[in-house]
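*Asks:* no FASTA, just this:
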């Protein structure tokens with residue numbers, strides 16, 4: 001089995017969150033979905049599990065962060081160019097997200113930052129490895 005990432009997040013409205021992530025380009029894997037949670041697929045190896053509070057609570061004994069007021073992490077998704085960044089983030093905003101950082105351009109990397117309706121923060125970025133500054137010190 002190849003290595004994979006499953007990011008699990010608590011959401012207030014599973015259907016609304018599924019619609020949001022679908023607008024960003026995620027696909028729903030019905031095999032790992034039910035009424036309390038949906039498996040949203042970004043790629044062959046990256047999955048986002050969106051879960052109701054009741055389902056999410058089954059996975060932890062710790063306090064659950066209110067992501068509308070506290071940040072618990074930032075997930076970053078790579079894409080193939082700036083046009084794709086813009087399409088995904090624009091679609092995310094139309095689907096109920098909030099852009100919290102407009103395009104940042106470091107020359108070799110560009111990204112935009114968006115929050116989903118529950119406040120989970122994500123970045124969509126493009127990195128051109130050929131433009132990464134080379135360290136002159138050896």
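*Replies:* Arrived safely, thanks for sending. Please read all numbers here as calculations on a predicted model, not as lab measurements.
*Asks:* Who's the closest spatial neighbour of residue 91, skipping the chain neighbours?
*Replies:* residue 23 (4.5 Å; C-beta to C-beta, 6 or more residues apart in numbering). From N, CA and C alone the C-beta is placed, and that goes for glycine too.
*Asks:* Specify the local secondary structure of that neighbour.
*Replies:* Here residue 23 is recorded as helix under DSSP: H, G, I helix; E, B strand; the rest coil.
*Asks:* mind listing the helices for the protein?
*Replies:* For the chain, helices defined by DSSP state H occupy the ranges 14-24, 53-56, 82-94.
*Asks:* and these as TSV, adding mean neighbour count and mean pLDDT?
*Replies:* Compiled in TSV, the helices of the chain are given as follows (neighbours: other C-beta atoms under 10 Å; pLDDT from 0 to 100):
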stretch	mean neighbour count	mean pLDDT
helix 14-24	19	97
helix 53-56	14	96
helix 82-94	17	97
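*Asks:* Can you lay out the ones you listed as a markdown table showing distance to residue 47?
*Replies:* Compiled in a markdown table, the helices of the chain are given as follows (distance: least, C-beta to C-beta, whole Å):
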| stretch | distance to residue 47 |
| --- | --- |
| helix 14-24 | 11 |
| helix 53-56 | 15 |
| helix 82-94 | 17 |
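*Asks:* If anything else comes up later, I'll come back, but that's it for now.
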